[in-house]
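**Student:** pasting the sequence and the predicted model now:
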Amino acid sequence: MHPKMSVKLAGLVLRSPLIVASGVLGSSTRLIKKVSENPSVGAVVTKTVTYNPRPGYENPTAIDLGFGFLNAMGLPNPGYLEYRKELSEIKDLAIPLIVSIGPSNSEEAAEMVKALNDVSDGFELNLSCPHAEKLGLEVGSDPEKVRSIVSSARRCTTKPLFVKISPNVTDVVEIARAAVEAGVDAVTAINTMKSIAIDVNAGKPVLSNVYGGLSGKAIHPIAVRIVYELYEAIKIPIVGCGGVYDWRDAVELILAGATAVQIGSAIVYSRSDLNILNEIEKGIIEYLKDKGFNNVMEIVGLAHTS
Ligand SMILES: Cc1cc2nc3c(=O)[nH]c(=O)nc-3n(C[C@H](O)[C@H](O)[C@H](O)COP(=O)(O)O)c2cc1C
């Protein structure tokens, strides 16, 4: 028998636990539509949109380190009002569309959620981008700011609300608990790790912004550790994200406690060839069959019982 791959997540039913992570498709709605047609994809998260339009940083904005990417794109996006128009053109997707927003305070969160409510199936609050001034990690590392932004978004929507947290804090559980108390439905862990690469020939940092966020293989064990810690501490679903390249990486996060798994850098590495998602799903199905499970939900958090 084919094990069941659909999962229930924060009120959404996903046909597969695999979610396309924020940012890796850029803000192209054409690509979102294409991705939604892949049967192995359970949901897609948009590029983070901010209150005001942002041009992004000057080049270089990204470097492939071999074991992952270091990027500081600077959250380039047209602003939430313009993006609303673009999103309203891609109605009737076969999968849930989760809109990522990066508010810098509770007023911005309220306005963005209200404006985007009817073009989304849920929101992911990006409180974790490590390279944008006055938003992302700058607000997401303060439990009080997290509480106030989440409460404000919560008051403006009944749709599923995710908060995406950062590995760049001493106590991830404290941040996640603040979000849970303020009414979030699920926690996405993790965003990128704040890092620097230096060009030894030029004798200066590679990225124009100096600091960037490290993603990919290098951060996978950090993501597994954080999902594991959160699973022990909070009662709401966790979405694992960080360095998933194959089925083993995905299963590891699920065993650590993730109900669903996001994939970012691996899609960039494959030059947006979405077959990688089909391969990952196939591998999970084989794993479940080999181990005698009927349903992927049966293995969520299983590493904690052994
Ligand atoms: C080029 C690039 C752009 C990204 N843009 C965003 C973004 O707009 N919002 C966000 O929340 N995360 C963004 N991320 C972070 C990813 O969504 C993900 O959290 C991170 O890369 C870890 O997952 P991975 O190792 O599978 O890439 C971006 C990552 C990359 C590589």
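**Tutor:** Received it, and whenever you're ready, just let me know what you need.

**Student:** the residue nearest to residue 168 when sequence neighbours are not counted and the ligand, how far apart?
**Tutor:** Using C-beta to C-beta, 6 or more residues apart in numbering and skipping residues adjacent in sequence, the residue nearest residue 168 is residue 194, 4.9 Å away. For every residue, glycine as well, the C-beta is placed using N, CA and C. Note on residue 194: its distance to the ligand, by C-beta to the nearest ligand atom, to the nearest Å, is 12 Å.

**Student:** check residue 217 too.
**Tutor:** From residue 217 to the ligand the distance is 8 Å (C-beta to the nearest ligand atom).

**Student:** what residues are up against that residue?
**Tutor:** Each residue near residue 217 by C-beta atoms under 8 Å, 6 or more residues apart in numbering is listed here: 67, 68, 243, 245, 265.

**Student:** which helix or strand in the protein has the lowest average pLDDT?
**Tutor:** Across the helices and strands of the chain, mean pLDDT, DSSP states H and E gives its lowest value to helix 137-140, namely a mean of 83.

**Student:** ok so, going back, could I get the phi/psi values of the residue nearest to residue 168?
**Tutor:** With angles defined as degrees, to the nearest 10, residue 194 sits at phi -60, psi 130.

**Student:** bridging residues for it?
**Tutor:** Per DSSP bridges, the residues bridged to residue 194 are residue 213.

**Student:** hmm, residue 215 and it touching each other?
**Tutor:** No: if you go by C-beta atoms under 8 Å, residue 194 and residue 215 don't touch, sitting 11.5 Å apart.

**Student:** other SSEs contacting the least confident helix or strand of the chain?
**Tutor:** Helices and strands touching helix 137-140, by 3 or more C-beta pairs under 8 Å, 6 or more residues apart in numbering; DSSP states H and E, are helix 143-156.

**Student:** show me how far the helix it packs on is from its chain's centre.
**Tutor:** Distance of helix 143-156 from the chain centroid (C-alpha atoms, centre = their mean, to the nearest Å) equals 18 Å.

**Student:** in that helix, what's buried?
**Tutor:** 143, 145, 146, 147, 148, 149, 150, 151, 152, 153, 154, 156 (16 or more other C-beta atoms under 10 Å).

**Student:** and the fifth one, what does it touch?
**Tutor:** Translated: residue 148. Counted by C-beta under 8 Å, 6+ apart, residue 148 has contacts 105, 106, 182.

**Student:** wait, residue 115 sits on residue 80?
**Tutor:** Yes: using C-beta under 8 Å, residue 115 is in contact with residue 80, at 6.0 Å.

**Student:** just give the closest residue to the closest residue to the ligand within the chain, not the sequence neighbours.
**Tutor:** The chain approaches the ligand most closely through residue 23 (1.9 Å), counting by C-beta to the nearest ligand atom. Residue nearest to residue 23 in three dimensions, not counting chain neighbours: residue 47, with 5.1 Å by C-beta to C-beta, 6+ apart.

**Student:** and for residue 126, the neighbour number?
**Tutor:** By the criterion of other C-beta atoms under 10 Å, residue 126 has 31 neighbours.

**Student:** list the contacts for it?
**Tutor:** Residues in contact with residue 126, defined by C-beta under 8 Å, 6+ apart, are 22, 48, 100, 101, 102, 135, 136, 164, 191.

**Student:** for residue 89, helix, strand, or coil?
**Tutor:** With DSSP: H, G, I helix; E, B strand; the rest coil as the basis, residue 89 sits in coil.

**Student:** and it, its phi and psi?
**Tutor:** Taking degrees, to the nearest 10 as the convention, residue 89 sits at phi -80, psi -10.

**Student:** compute the number of surrounding residues for it.
**Tutor:** Around residue 89 there are 10 residues (other C-beta under 10 Å).

**Student:** and what of residue 3?
**Tutor:** Neighbours around residue 3, by other C-beta under 10 Å: 19.

**Student:** who's more crowded, residue 115 and residue 80?
**Tutor:** More crowded of residue 115 and residue 80, by other C-beta under 10 Å: residue 80, with 23 against 15.

**Student:** dump the residue contacts of that one.
**Tutor:** Counting by C-beta under 8 Å, 6+ apart, residue 80 makes contact with 49, 50, 51, 101, 111, 112, 115, 116.
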